[in-house]
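# make a model of this:
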Amino acid sequence: MAKTFLITGVSSGFGRALAEAALSDGHSVVGTVRKDADRQSFEAFGHGAHAVLLDITETGAIAPAVADIESRIGAIDVLVNNAGYGHEGILEESSIDDLRRQFEVNVFGAVAMIQAVLPFMRKRHAGHILNITSMGGIMTLPGLSYYHGSKFALEGISESLGKEVRELGIRVTAVEPGSFRTDWAGRSMVRAARAIGDYDTIIDPIRKRRMELSGKQLGDPAKAAQAMLKVALSADPPTHLLLGSDAVRLVDDKLISLQAEFEAWKAVSLSTDAEA
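Got it, this is the predicted structure:
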């Protein structure tokens, strides 16, 4: 059965790949873009492709846009919060404004989209929300503290939201990709200027390697799109979906390390309960 997808950020990356996969499968896709040229490019796919000019940081415009989609195009079956970017920088070298911008796009915009579609999904007792977070919403690397913070936030929001709406017939999945051949580490990434020499040996090799590997990562966005499409159409979708062998490996390592640390300090943890 054909569904209507609303995908934020379809001009490139995962958003574009998933939109193409859904359209090829006979579904309708409403994609948000920020430039008229991108709107024309997306609608060139033909029947079923609808572009909406929308900047998700302008949260006041989101609810009217969603209401218009529901009225003009049809019921939104699947919301995919894809729009986002990465901020790379040592925390001490990154400004508070950098942090605000990171959360405006990766968290606040996504939540505003969710709040806009929920009344319609709740009325129909049906719907699926996919939040594209990152393996970086579970594990961390130095130099990405702001990005990790935003993705950890979206992970927590997704999981809690899923428990709030499950009995209403709405499903929520957090999608956690590893390294894929998108623009994330290239033109889409914001990099803080370097200033403090003490961090040179920590961040400089990581930044250099990330830039060199951009476009050569392990993950194939087209294969990720097929995996996300399968989940979006599932009657019993997962709460979390890792994508990529590196994501599986690094998250497994994080879980093992976390459990070991919890066990090492378990006696201290248990010592804080009040006396009966």
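
# quick one: the lowest-mean-pLDDT helix or strand in the chain to chain centroid distance?
Across the helices and strands of the chain, mean confidence by mean pLDDT, DSSP states H and E is lowest for helix 200-213: a mean of 91. Here helix 200-213 is found 24 Å from its chain centre; the criterion is Cα atoms, centre = their mean, to the nearest Å.

# just the C-alpha atoms of that helix, please, in PDB.
Provided in PDB are the C-alpha atoms of helix 200-213 (Å, rounded to 0.1, in the frame of the first residue of the first chain):
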ATOM      1  CA  ASP A 200      46.700  19.900  18.600                       C
ATOM      2  CA  THR A 201      47.500  16.200  19.100                       C
ATOM      3  CA  ILE A 202      43.900  15.400  20.000                       C
ATOM      4  CA  ILE A 203      41.900  17.000  17.300                       C
ATOM      5  CA  ASP A 204      44.200  17.700  14.300                       C
ATOM      6  CA  PRO A 205      44.800  14.100  13.300                       C
ATOM      7  CA  ILE A 206      41.100  13.300  13.600                       C
ATOM      8  CA  ARG A 207      40.100  16.400  11.600                       C
ATOM      9  CA  LYS A 208      42.700  15.500   8.900                       C
ATOM     10  CA  ARG A 209      41.600  11.900   8.600                       C
ATOM     11  CA  ARG A 210      37.900  12.800   8.600                       C
ATOM     12  CA  MET A 211      38.400  15.300   5.700                       C
ATOM     13  CA  GLU A 212      40.500  12.800   3.800                       C
ATOM     14  CA  LEU A 213      37.900  10.000   4.100                       C
END
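
# how many residues are close by L258?
By other Cβ atoms under 10 Å, 12 other residues sit near L258. Glycine gets a C-beta too; all of them are placed from N, C-alpha and C.

# figure out the helix or strand that it lives in.
Per DSSP states H and E, L258 falls inside helix 245-264.

# which residues touch the following helix or strand past that helix?
From helix 245-264 onward toward the C-terminus, using DSSP H and E, the following helix or strand is helix 266-270. Helix 266-270 has contacts (Cβ atoms under 8 Å, 6 or more residues apart in numbering) with F262.

# now do helix 266-270, average pLDDT.
Helix 266-270 comes out with an average pLDDT of 98.

# distance between it and the chain's centre?
Centre-to-centre, helix 266-270 and its host chain are 35 Å apart (Cα atoms, centre = their mean).

# the biggest strand by length in the chain packs against which elements?
Longest strand in the chain, counting residues (DSSP state E): strand 170-177. Applying 3 or more Cβ pairs under 8 Å, 6 or more residues apart in numbering; DSSP states H and E, one finds that strand 170-177 contacts helix 109-124, strand 127-132, helix 145-165, helix 221-232, strand 240-243, helix 245-264.

# out of these, which is the most enclosed?
Most buried of the helices and strands packed on strand 170-177 by mean neighbour count (mean count of other Cβ atoms under 10 Å) is strand 127-132; its value is a mean of 26.

# tell me the strands beside it, with direction?
Strand 127-132 sits in its sheet next to strand 78-81 (parallel), strand 170-177 (parallel), going by DSSP bridges.

# and the shortest one, how far from the chain's centre?
Put plainly, it is strand 78-81. Between the centre of strand 78-81 and the centre of its chain there are 10 Å (Cα atoms, centre = their mean).

# following that strand, which helix or strand shows up next?
Using DSSP H and E, the helix or strand that follows strand 78-81 in sequence is strand 87-88.

# from I69, how far off is G46?
18 Å (Cβ to Cβ, to the nearest Å).

# tell me the pLDDT of the spatially most central residue of the chain.
Centroid-nearest residue in the chain: I132, 2.4 Å away (criterion: Cα atoms, centre = their mean). Looking at I132, its pLDDT reads 97.
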